[in-house]
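> need a 3D model of the following:
(chains A, B, C and D)
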Amino acid sequence: MAVRVQREDFDVGAEIAVLTAGRTDIGGVATFLGLVRDIAGGDEVKAMTLEHYPGMTEKMLAEIEAEARERWPLDECLIIHRYGRLEPGDRIVLVVTASAHRQAALDSCAFLIDWLKTTAAFWKLEETGQGEHWVEARESDDEAAARWDESPTKAAG
Amino acid sequence: MAVRVQREDFDVGAEIAVLTAGRTDIGGVATFLGLVRDIAGGDEVKAMTLEHYPGMTEKMLAEIEAEARERWPLDECLIIHRYGRLEPGDRIVLVVTASAHRQAALDSCAFLIDWLKTTAAFWKLEETGQGEHWVEARESDDEAAARWDESPTKAAG
Amino acid sequence: MKILYFAFLRQRTGLGEETVEAPADVHDVASLVEWLKTRGPGYAEALRDTSAVRVAVNQEFADLHTPVAANDEIAFFPPVTGG
Amino acid sequence: MKILYFAFLRQRTGLGEETVEAPADVHDVASLVEWLKTRGPGYAEALRDTSAVRVAVNQEFADLHTPVAANDEIAFFPPVTGG
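Numbering: from 1, shown residues only, chains lettered A, B, ... in the order given. The predicted structure is shown next:
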């Protein structure tokens, strides 16, 4: 169980390997890896700078991770989020959830990434051909996160 | 776009790296990694031998991959499934889906793993303390796969 | 025709694959099954309960009424359990 | 008290963090905002439209009515956009 907010890149395979090493009780590992896209709202994105609130951002991440662990039977859970200046193709966020049952792993991973993409305390400065601008909160993301206010899907095996 | 049925192990990080190398249009990569568990139906599992139908198994995997690509806007899709004798903790299956939008990646990954776990042409011989037995098809898995007969969730961002 | 057996059917027949020359009256899966069962106790045991057996003809799911011909590949196996 | 500014508020105030001694009549977020706005045009501009500003007191989301005291950490930022 871990939450990391860091400037450095991460290694997806190595992170999964650490979580699953020597474990024989984990049936499924769901992973979401977010990358910086070169297009946002129709504009070409040259780079993006993520700002966070050191302390509060981590605290909120730890809280949502605890909520996921309460809602689903998770053996392992890892959230890594980068900050600083990132360019298209760069890794930005990683969620890994591991459970005996695949549905718990899949659902909790989707829950966490929806939360991260909408509610996590980050602010994004995009550099486009039209200059720099701060990204505003998006409606469709809020809707995706709102789906999780319902009760979770039952683990199906 | 690839389907592989192989005896050899695979490297999750390396597979994701190959799919995303040099790409700046992919926003999200969803991954499901299946591992052999040491418990099944209450019995301790010492090992499991997966048998497949060479030719037909691959053909069915290619068909379901094509269906996923039709239902969701995927940039990349990879399915690797192992056969042969596997022990608890061993990697058994990998699904990787990549899309500009995270919901498409998440939903298609869940769709594919549900299908693989229920409908893929594999047969499992489990070695437990009570000897060897062939695993029978499970109801709860069929229900999970049946959910996908409905129309897919709309991409949410 | 080429006949394949998987999982418990492979164990009971004692082989995974064989090439056979079926009699002329074998024209569909049902008649093929009846003929195979006459080939020995392992076959009879494997194919005794056809409700527990699935069949594919040329790598497509089929049933007892599906026609079979000399160059076909016919596979018998239990319901798939998934990966 | 320690005041933090993020994103466009950091750019407009020209600083990410400062420690201030607020006057005695600053007792909640609303009165803190009013006082900060008197400290210069950057502050006035950053805090002009409080509907576009979110606030946290001691790393918990707060609002204009939340009390503030000398040792608190108060942060101003736009609505979060997520990661």
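> report how many residues lie close to C:Thr19.
By the criterion of other C-beta atoms under 10 Å in any protein chain shown, C:Thr19 has 8 neighbours. Where you see a C-beta, it was placed from the backbone N, CA and C, and this is true even at glycine.
> what does C:Gly16 give?
13.
> go ahead and confirm it touches C:Lys2.
No: using C-beta atoms under 8 Å, C:Gly16 is not in contact with C:Lys2; the gap is 11.1 Å.
> can you show me the strands along chain C?
Along chain C, the segments classed as strands by DSSP state E run C:2-5, C:17-19, C:54-57, C:60-62, C:73-77.
> point out the most buried one among the ones you listed.
strand C:73-77 (a mean of 22; mean count of other C-beta atoms under 10 Å in any protein chain shown).
> still on that earlier bit, looking at the strands of chain C, spot the one closest to B:Leu19.
Minimum separation from B:Leu19 across those (C-beta to C-beta) falls at strand C:60-62, 30.5 Å.
> mean confidence for that closest one?
What strand C:60-62 shows for mean pLDDT is 96.
> walk me through which strands it pairs with, and which way each runs.
strand C:54-57 (antiparallel) (DSSP bridges).
> chain center to stretch A:11-22, what's the gap?
On the basis of C-alpha atoms, centre = their mean, to the nearest Å, stretch A:11-22 sits 17 Å off its chain's mean C-alpha point.
> same check, this time on stretch C:63-71
Worked out by C-alpha atoms, centre = their mean, stretch C:63-71 lies 10 Å from the chain centre.
> I'd like to know which elements the host helix or strand of A:Glu132 is packed against.
According to DSSP states H and E, A:Glu132 maps onto strand A:131-134. Helices and strands touching strand A:131-134, as assessed by 3 or more C-beta pairs under 8 Å, 6 or more residues apart in numbering or on different chains; DSSP states H and E, comprise strand A:122-128.
> what does the strand it packs on contact?
A:40, A:43-52, A:57, A:81, A:83, A:132-135, D:6-7, D:77-78, D:80-83 (C-beta atoms under 8 Å, 6 or more residues apart in numbering or on different chains).
> would you pull up the residue in chain C closest to chain D?
C:Gly83 (32.5 Å; C-beta to the nearest C-beta).
> biggest helix in chain C by residues?
helix C:29-37 (DSSP state H).
> could you tell me which residues of chain A lie near chain D?
A:34, A:50-51, A:53, A:55-56, A:59, A:81, A:92-93, A:116-125, A:134-138, A:141 (C-beta under 8 Å from any C-beta of the partner chain).
> can you check the pLDDT for residue 71?
Because you didn't say which chain, this covers chain A. At A:Arg71, the pLDDT recorded in the model is 98.
> hm, I was asking about chain C
Predicted confidence (pLDDT) for C:Asn71: 95.
> ok, and the closest non-adjacent residue to it?
C:Met1 (6.8 Å; C-beta to C-beta, 6 or more residues apart in numbering or on different chains).
> helices or strands next to the longest helix of chain C in the packing?
Judged by 3+ C-beta pairs under 8 Å, 6+ apart, helix C:29-37 is in contact with helix C:41-46.
> which residues outside the helix it packs on are in contact with it?
With C-beta under 8 Å, 6+ apart as the criterion, helix C:41-46 contacts C:5, C:8-9, C:12-14, C:36-38, C:53, C:76.
> can you check stretch C:33-40 too?
Under C-beta under 8 Å, 6+ apart, the answer for stretch C:33-40 is C:3, C:22-23, C:25-26, C:43-44, C:47-48, C:50, C:64.
> picking up where we left off before, quick one, what contacts the residue nearest to C:Asn71?
Contact analysis of C:Met1 by C-beta under 8 Å, 6+ apart lists C:19-20, C:22, C:32, C:68-74.
> what do you get for A:Gly55?
Contacts of A:Gly55 by C-beta under 8 Å, 6+ apart are D:Gln59.
> ok, now how distant is it from D:Asp72?
13 Å (C-beta to C-beta, to the nearest Å).
> if we can go back for a sec, in the longest helix of chain C, what's buried?
For helix C:29-37, the neighbour count (16 or more other C-beta atoms under 10 Å in any protein chain shown) marks C:29-33, C:36-37 as buried.
> what would these look like in a markdown table with pLDDT?
Below are the buried residues of helix C:29-37 laid out as a markdown table (pLDDT from 0 to 100):
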| residue | pLDDT |
| --- | --- |
| C:Val29 | 97 |
| C:Ala30 | 96 |
| C:Ser31 | 97 |
| C:Leu32 | 98 |
| C:Val33 | 97 |
| C:Leu36 | 97 |
| C:Lys37 | 97 |
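> from those, which is closest to chain B?
C:Val29 (15.7 Å).
> distance of A:Arg92 from chain C?
For the record, residue A:92 is Ile, not Arg. Distance, A:Ile92 to chain C, by C-beta to the nearest C-beta, to the nearest Å: 31 Å.
> element containing the residue lying closest to that residue once chain neighbours are set aside, please.
Setting aside the residues directly before and after it, A:Ile92 is nearest to A:Gly34 in space (C-beta to C-beta, 6+ apart), at 4.8 Å. Using DSSP H and E, A:Gly34 sits within strand A:28-35.
> immediately after that strand, which helix or strand?
Moving toward the C-terminus from strand A:28-35, the next element (DSSP H and E) is strand A:39-40.
> most centrally placed residue in chain A?
Nearest to the mean C-alpha position of chain A, by C-alpha atoms, centre = their mean, lies A:Ile113 at 4.1 Å.
> got a pLDDT number for the residue nearest to A:Ile92?
Taking A:Gly34 on its own, its pLDDT is 98.
> ok so, going back, farthest pair within the contacts of helix C:41-46?
The widest separation within the contacts of helix C:41-46 (C-beta to C-beta) is 20.1 Å, between C:Phe8 and C:Thr38.
> in chain A, what residue is nearest chain B?
A:Gly13 (1.7 Å).
> ok, and the closest non-adjacent residue to that residue?
B:Gly13 (1.7 Å).
> A:Val95 touches A:Leu116, doesn't it?
Yes: A:Val95 is within contact range of A:Leu116, at 7.0 Å (criterion: C-beta under 8 Å).
> need the overlap of contacts for those two.
A:Ile79.
> for A:Trp123, list each beta-bridge partner.
Beta-bridge pairing of A:Trp123 under DSSP bridges involves A:Glu51.
> if I pick the residue of chain C found nearest chain A, what's in contact with it?
Residue nearest to chain A within chain C: C:Gly82 (10.0 Å; C-beta to the nearest C-beta). C:Gly82 sits next to B:116-120, B:122, B:137, B:141 when contact means C-beta under 8 Å, 6+ apart.
> just A:Glu44 next, same as before
A:38, A:128-129.
> what are the ranges of the strands in chain A?
Going by DSSP E, chain A shows strands at A:2-6, A:28-35, A:39-40, A:43-52, A:76-82, A:84-86, A:91-99, A:122-128, A:131-134.
> re the thing from before, selecting buried members of the contacts of strand A:122-128 in ChimeraX, what would you type?
Remark: buried members of these, expressed as a ChimeraX selection using 16+ other C-beta under 10 Å:
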select /A:40,45,47,48,49,50,51,52,57,81,83,135 /D:6,7,77,78,80,81,82,83
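> and of the strands of chain C, who's closest to B:Thr20?
Comparing the strands of chain C by C-beta to C-beta, strand C:60-62 comes nearest, at 35.2 Å.
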